[in-house]
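> Following is a predicted model, sequence given first.
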Amino acid sequence: METTTRSLKDHVAIVTGASSGIGLAVAEGLASAGAALIANYHSHGEAADELVERVTSKGGRAVAVQADVSKESDVLRLFDAAVEHFGRVDVLVSNSGIQKDAAVADMTLDDWNAVIGINLTGQFLCTREAVRRFRAQPKDGRPSRSAGAIIAMSSVHEIIPWAGHINYASAKGGLRMLMQTLAQEVAADGIRVNAIAPGAIRTPINKAAWETDEALTKLLRLIPYGRIGEPEDVARAAVWLASDEADYVTGTTLFVDGGMSLYPEFRDNG
């Protein structure tokens with residue numbers, strides 16, 4: 001039987017929001033698997049440069065590119081940079097996201113638009129451009145069985161309502177349908193589209209939820225598996241979805257959440 005590999009040798013991967021948290025771990029994971037890396041950042045240039053230095057010091061290939069994924073011109077420039085430096089694009093991990101939390105009665109239109117603009121419109125702009133590039137590239141010389149792989153970074157809140165975060169939850173719920181609809185539309189082109197839905201992951205954005213024993217104990221009540229996730233948990237999932245080992249997987253959300261989406265309140269029969 002033919003076997004596949006998680007090697008991403010000769011692949012070129014774009015990771016948006018690659019300068020911190022989950023995006024940083026995913027970028028390093030893809031580079032460690034052999035992919036040439038375009039590490040996008042919005043405002044943390046030093047962290048992105050440090051990532052590039054770590055990758056290149058180990059013999060890898062990486063370039064940091066500033067871009068605001070909610071702006072069409074910036075997204076086009078990001079993909080142009082990948083082609084300019086490495087000749088093609090094979091993997092997109094559309095990870096950029098922000099939170100601007102408030103109760104609905106207190107939420108401003110600016111905060112609603114900011115989160116929808118990055119977390120949902122930014123996903124549309126990046127995935128649309130990836131599809132265009134994948135379709136335009138010649139079939140000869142592909143490093144993988146697919147014409148390209150798109151991984152959208154979602155959240156358990158694509159299915160779990162989250163009071164006080166209506167802009168974020170709305171964006172992630174919309175992303176779920178964006179991913180599934182896109183997967184249906186482009187499967188015949190040999191393009192795979194999937195999402196990863198992290199649960200509670202130990203990143204700077206949610207530090208208040210895990211930095212003290214009291215906060216962590218409270219958080220763990222929501223996680224049946226009994227531990228908080230690490231960025232590397234998500235990175236390993238992303239490398240697998242990008243590789244030929246996942247070649248028959250499209251239109252799927254992979255939950256990396258320790259069971260958070262399993263209604264943990266019902267563990268004792270409700």
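Nice, I can see it.
> can you confirm residue 39 is in a strand?
Yes: assessed by DSSP: H, G, I helix; E, B strand; the rest coil, residue 39 belongs to a strand.
> chain center to the helix or strand where residue 78 lies, what's the gap?
Per DSSP states H and E, residue 78 falls inside helix 72-86. Here helix 72-86 shows a centroid-to-chain-centroid distance of 18 Å under the convention C-alpha atoms, centre = their mean, to the nearest Å.
> For this protein, which segments count as strands?
12-15, 36-41, 62-66, 91-94, 148-153, 191-198, 253-256 (DSSP state E).
> Partner strands of the third one and their direction?
If I follow you right, that is strand 62-66. In the sheet, strand 62-66 lines up against strand 36-41 (parallel) (DSSP bridges).
> Show me what the strand it pairs with is in contact with.
11-19, 27, 30-31, 47-48, 51-52, 55, 60-67, 69, 78, 81-82, 85-86, 96 (C-beta atoms under 8 Å, 6 or more residues apart in numbering). All C-beta atoms are positioned from the backbone trio N, CA, C, and that covers glycine.
> Please pick the buried ones from those residues.
Buried subset of the contacts of strand 36-41 (neighbour count, 16 or more other C-beta atoms under 10 Å): 11-19, 27, 30-31, 47-48, 51-52, 55, 60-67, 69, 78, 81-82, 86, 96.
> residue contacts, residue 125?
69, 70, 71, 72, 75.
> let's go with 6 Å and repeat that
72, 75 (C-beta atoms under 6 Å, 6 or more residues apart in numbering).
> Find the nearest non-adjacent residue to residue 130, please.
residue 92 (4.2 Å; C-beta to C-beta, 6 or more residues apart in numbering).
> Any figure for the gap between that neighbour and residue 222?
Remark: distance between residue 92 and residue 222 (C-beta to C-beta, to the nearest Å) = 30 Å.
> And for residue 117?
29 Å.
> same thing with residue 124?
Distance from residue 124 to residue 222, by C-beta to C-beta: 30 Å.
> ok, back up a step: please produce JSON lines containing the strands of the chain, extended by mean pLDDT.
Formatted as JSON lines, these follow (pLDDT from 0 to 100):
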{"stretch": "strand 12-15", "mean pLDDT": "98"}
{"stretch": "strand 36-41", "mean pLDDT": "98"}
{"stretch": "strand 62-66", "mean pLDDT": "98"}
{"stretch": "strand 91-94", "mean pLDDT": "98"}
{"stretch": "strand 148-153", "mean pLDDT": "98"}
{"stretch": "strand 191-198", "mean pLDDT": "98"}
{"stretch": "strand 253-256", "mean pLDDT": "98"}
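> could I get these as JSON lines with distance to residue 164?
Shown next, in JSON lines, are these (distance: least, C-beta to C-beta, whole Å):
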{"stretch": "strand 12-15", "distance to residue 164": "29"}
{"stretch": "strand 36-41", "distance to residue 164": "28"}
{"stretch": "strand 62-66", "distance to residue 164": "31"}
{"stretch": "strand 91-94", "distance to residue 164": "25"}
{"stretch": "strand 148-153", "distance to residue 164": "21"}
{"stretch": "strand 191-198", "distance to residue 164": "19"}
{"stretch": "strand 253-256", "distance to residue 164": "22"}
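> just for the protein, where's the confidence low?
1-6, 270 (pLDDT under 70).
> longest single helix anywhere in it?
helix 166-186 (DSSP state H).
> what's in contact with that helix?
99, 104, 112, 115-116, 119-120, 123, 127, 131, 152, 154-155, 157-158, 162, 193, 195, 250-251.
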